[in-house]
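S.K.: Here is my input, please return the structure:
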Amino acid sequence: MAAKKAIETFSKSLIEEVHKWGCFKQTGVSLRYMMDFGSKPTSKNLLISAQFLHKELAIRIARRAVELERLPCDLSQKPAVLKVRDWYLDSFRDIRSFSEIKNMNDEKEFTEVIKAIKVRHNNVVPTMALGVQQLKKDVDPKIINQDFVEIHQFLDRFYMSRIGIRMLIGQHVELHSPNPPPHVVGYIHTRMSPVEVARNAVDDARSICSRQYGSAPDVHIYGDPDFTFPYVPAHLHLMVFELVKNSLRAVEERYMNSDKDPPPIRIIVADGLEDVTIKISDEGGGIPRSGLRKIFTYLYSTARNPLDEHADLGVGDNVTMAGYGYGLPISRLYARYFGGDLQIISMENYGTDAYLHLSRLGDSQEPLP
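M.R.: Predicted coordinates:
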């Protein structure tokens, strides 16, 4: 049914236009540029921003829509993937049917259009995860391994592009905020305290852990709470939350039936000249070396898959303690989006250290897939 819907809903001319726009070159922006440009949200700047997005978003969305048609192993035909492709085609059509942006009235209307696009794409990650699960259920694991690298590379490009699209839309929409808090430029906080963001992420992760297991190990944070640098707090929160959630689960499960107290998780924040590094250490038993290769792939999770248990999770916003095995690879993409990285080092039968590197320079261009 879904395949048929795609053909009926979208005209041949729209599909041709998507393919045409999918060949255009994307334009990357840096954190520093977004910060400098957004620090003066005058009408003129908002107009320039909307005109840039009118073209740039169409290119980025078209490129992904084209890729969604050409996935190996028939992944393109899975119902969940067809649903995502429909969202991308709808969004491309919405942007292209908006004529030129000439004045602030146009700008205001266009901002509403892209705000709606961002909401439409809210569930892209769980829905794509569902598509991959549908694929895993249907095909021989031997076949999947051959095309696995290609699927993984596609998902890396796809999710990295999604981070960029959401950042550009969110940044533009936030610049309309009538009374932004001090030091906030759109999504960017020019004086973000990594210790404070880590504290909030830890609180969120521990409350989920307590809900699931009835208790949560302690987390100790070391670092200067007064140290700040420009970054996107929402991105950092997501990354620290994912890493701490993994550590809490590992420690909780390792000490569940033990009479010993679970050892605390330690977070250390260090500010270097180039990078701010956040190290998250646990004594949750570690990961065997053979498993380390798999932790950044999209077809692997040590946890039970929530999509098997609740087939409708693909449309909800439920946060489970562990899920599609997407937390680590997506966190690494968020780190890399602004020139950082994420590394995991493990000692089997002891614990794991995660090193989250965040670039301080703010000059690196978006890595455009």
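S.K.: the helices in the chain, which residues?
M.R.: Here the chain has its helices, by DSSP state H, at 2-9, 12-21, 31-38, 43-68, 79-96, 104-120, 124-138, 141-174, 194-213, 233-254, 289-292, 306-309, 327-337.
S.K.: Could you say which one of those helices comes nearest to Lys279?
M.R.: Taking C-beta to C-beta, helix 233-254 is the member of the helices of the chain nearest to Lys279, at 9.8 Å. Backbone N, C-alpha and C define where each C-beta goes, glycine included.
S.K.: nearest residue to Leu31 other than its sequence neighbours?
M.R.: Sequence neighbours aside, Gly362 is the residue nearest to Leu31 in space, at 4.1 Å (criterion: C-beta to C-beta, 6 or more residues apart in numbering).
S.K.: Any figure for the gap between that neighbour and Phe338?
M.R.: Distance from Gly362 to Phe338, counting by C-beta to C-beta, to the nearest Å: 7 Å.
S.K.: Comparing the two, which shows the higher neighbour count?
M.R.: Counted by other C-beta atoms under 10 Å, Gly362 and Phe338 do not tie: Phe338 has more neighbours, with 27 against 19.
S.K.: In stretch 203-220, which residues are buried?
M.R.: Ala205, Arg206, Ile208, Cys209, Ala216, Pro217, Val219 (16 or more other C-beta atoms under 10 Å).
S.K.: Can you give the distance of that stretch from its chain's centre?
M.R.: 23 Å (C-alpha atoms, centre = their mean, to the nearest Å).
S.K.: Likewise for stretch 24-39?
M.R.: Distance, centroid of stretch 24-39 to centroid of chain: 18 Å (C-alpha atoms, centre = their mean).
S.K.: Between the two ends of that stretch, how far is it?
M.R.: 29 Å (C-alpha to C-alpha, to the nearest Å).
S.K.: and if you look at stretch 28-43?
M.R.: By C-alpha to C-alpha, the extent of stretch 28-43 from end to end equals 23 Å.
S.K.: next one: stretch 176-191
M.R.: 20 Å.
S.K.: domains for this protein, by residue range?
M.R.: 2-183, 187-359 (automatic domain parsing).
S.K.: Just send those domains back as JSON lines, with distance to Leu368 too.
M.R.: Output for the domains of the chain, formatted as JSON lines (distance: least, C-beta to C-beta, whole Å):
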{"stretch": "domain 2-183", "distance to Leu368": "5"}
{"stretch": "domain 187-359", "distance to Leu368": "10"}
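S.K.: would you turn these into a markdown table with mean pLDDT?
M.R.: Formatted as a markdown table, these follow (pLDDT from 0 to 100):
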| stretch | mean pLDDT |
| --- | --- |
| domain 2-183 | 89 |
| domain 187-359 | 87 |
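S.K.: Pro369: which of the ones you listed is closest?
M.R.: domain 2-183 (3.4 Å).
S.K.: Tabulate the helices of the chain in TSV, adding columns for distance to Leu356.
M.R.: Converted to TSV, the helices of the chain look like this (distance: least, C-beta to C-beta, whole Å):
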stretch	distance to Leu356
helix 2-9	38
helix 12-21	35
helix 31-38	16
helix 43-68	26
helix 79-96	28
helix 104-120	26
helix 124-138	20
helix 141-174	16
helix 194-213	9
helix 233-254	6
helix 289-292	17
helix 306-309	25
helix 327-337	6
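S.K.: for those, which one sits closest to Ser346?
M.R.: Per C-beta to C-beta, nearest to Ser346 of the helices of the chain: helix 289-292, 6.0 Å.
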